[in-house]
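Colleague: Requesting a structural model of the entry that follows:
(one chain, ligands or ions: 1)
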Amino acid sequence: MNDNGNTNQAKEIICIVCPNGCRISCTKAADGIHCSGQKCKRGEAYATAELTHPMRTLTTSVRTIFPDSPVVSVRTAGEIDKSKLMDVSKALGKVLVKTRIHTGDVVAENICGTGVNVICTSDRLMHQQ
Ligand code: SF4
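Modeller: Numbers count the residues shown, from 1 in each chain. You can find the predicted model right below:
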């Protein structure tokens, strides 16, 4: 701990909330996370979330039974905890789509207990037969 009561060195986070891409310097202190360099409050909220519970949307593909389209693209319908990305990827590796689904159809509900569904992001299966 330094003279300011800070417990860690500053960490730089680039805000991706808007195209400005502010470089935000964050320092963890006993009373919370201190941020500087952001041009608005959204940047502070983003940086704090990145340091405390980072979330991500996963985009990938899953296998199908259809020879004309052996894989179809999917994504999580919302953000999931970054620490769950590997578990979700592994779970989706076991998914086999057996019907001709289209964009928005749910491929897996509440994937890995995240509370988030995985949805199809393509009409590819509808256009080929
Ligand atoms: S801090 Fe505000 S202005 Fe800067 S990139 Fe983030 S959202 Fe945009």
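Colleague: ok and the residue in the protein nearest the ligand?
Modeller: Going by Cβ to the nearest ligand atom, the ligand is nearest to residue 43 of the chain, at 2.2 Å. The C-beta positions use only the backbone N, C-alpha and C, and glycine is treated the same way.
Colleague: so that residue, which of the three states?
Modeller: Judged by DSSP: H, G, I helix; E, B strand; the rest coil, the three-state class of residue 43 is helix.
Colleague: distance of it from residue 86?
Modeller: Separation of residue 43 from residue 86 (Cβ to Cβ, to the nearest Å): 28 Å.
Colleague: and what of residue 103?
Modeller: Here residue 103 is placed at a distance of 26 Å from residue 86 (Cβ to Cβ).
Colleague: Which of these two has more residues huddled nearby?
Modeller: In this view residue 103 and residue 86 are compared by other Cβ atoms under 10 Å, and residue 103 has more residues nearby, 14 against 11.
Colleague: Once you drop chain neighbours, what's closest to the more buried one?
Modeller: Taking Cβ to Cβ, 6 or more residues apart in numbering, and ignoring the residues beside it in sequence, residue 103 has residue 123 as its nearest neighbour in space, at 5.4 Å.
Colleague: Would you map the strands across this structure?
Modeller: With DSSP state E, the ranges of strands along the chain come out as 11-14, 23-29, 32-36, 55-56, 59-64, 71-76, 80-81, 96-97, 106-108, 118-120.
Colleague: Pull up the residues of the chain that are close to the ligand.
Modeller: Contact residues (Cβ under 6 Å from any ligand atom) of the chain with the ligand: 15, 17, 18, 20, 21, 22, 38, 39, 40, 42, 43.
Colleague: Weed out the non-buried ones from these.
Modeller: Using 16 or more other Cβ atoms under 10 Å as the burial test, the residues of the chain next to the ligand include 15, 22, 38, 43 as buried.
Colleague: Tabulate these (TSV), appending pLDDT.
Modeller: Shown next, in TSV, are these (pLDDT from 0 to 100):
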residue	pLDDT
15	97
22	98
38	97
43	97
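Colleague: can you list the domains in the protein?
Modeller: 11-52, 59-127 (automatic domain parsing).
Colleague: any idea which residue sits dead centre in this protein?
Modeller: Geometric centre of the chain, nearest residue: residue 56, 1.3 Å, by Cα atoms, centre = their mean.
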